[in-house]
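Novice: Sharing a model that was predicted from the sequence below.
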Amino acid sequence: MVVRLRDSARFSMASLKLTTATVGVLGVTAFYLYGPPVTPLLNASAVSTCNEMAGANYRSYRLDWVVSARPHWTCWNAAEPTRPAVDMGWWVSTG
């Protein structure tokens, strides 16, 4: 019994590999740019770290996700608006 994948399939293996690679690269890029704010554990870690930096007062901390060539978390204390914001980086871990 001979199985001919090329003749029976609608897409060739080369186009399937290219499509898979393209989707993979787009997925990794999307996660790099937008993953931390939508991932519950990374977001919770950033919130916790920023809250500690602002004196453990949930009313005064501000946390932003900045999307640029180098995406990062930015944290500042709203009770002290003259102090500059702190760049917390892309990956924020607790402890």
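Specialist: All right, it came through fine. No experiment lies behind these values; they were computed from the predicted model shown.

Novice: quick check, Val25 in a strand?
Specialist: No: applying DSSP: H, G, I helix; E, B strand; the rest coil, one finds Val25 to be helix, outside a strand.

Novice: Now for it, how many residues are close by?
Specialist: Val25 has 10 neighbours, counted by other CB atoms under 10 Å. C-betas here are computed from N, CA, C, even on glycine.

Novice: Let the chain start at 29 from now.
Specialist: Fine by me, first position is 29 from now on; the one you just mentioned is Val53.

Novice: who are the neighbours in contact with it?
Specialist: Val53 sits next to no residue when contact means CB atoms under 8 Å, 6 or more residues apart in numbering.

Novice: Look up how far Tyr62 lies from Val75.
Specialist: Per CB to CB, to the nearest Å, Val75 is found 17 Å from Tyr62.

Novice: Please name the nearest non-neighbouring residue to Gly83.
Specialist: Nearest residue to Gly83 in three dimensions, chain neighbours excluded: Asn105, at 6.9 Å (CB to CB, 6 or more residues apart in numbering).

Novice: try Gly117
Specialist: His100 (5.4 Å).

Novice: pretty sure that neighbour is touching Asp115, no?
Specialist: Yes: using CB atoms under 8 Å, His100 is in contact with Asp115, at 5.5 Å.

Novice: And those two? Which one has more around it.
Specialist: Between His100 and Asp115, His100 has the larger neighbour count (other CB under 10 Å), namely 16 against 12.

Novice: Val75 and Tyr62: who's more crowded?
Specialist: Val75 (17 against 13).

Novice: re the thing from before, tell me the spacing between the residue nearest to Gly83 and Tyr60.
Specialist: Taken as CB to CB, the span from Asn105 to Tyr60 is 28 Å.

Novice: Repeat that for Gly52.
Specialist: For Gly52, the distance to Tyr60 (CB to CB) stands at 13 Å.

Novice: what's the residue most central in space within the chain in contact with, if anything?
Specialist: Ranked by distance to the mean C-alpha position of the chain (CA atoms, centre = their mean), the top residue is Gly63 at 2.3 Å. Taking CB under 8 Å, 6+ apart, we find Gly63 in contact with Leu70.
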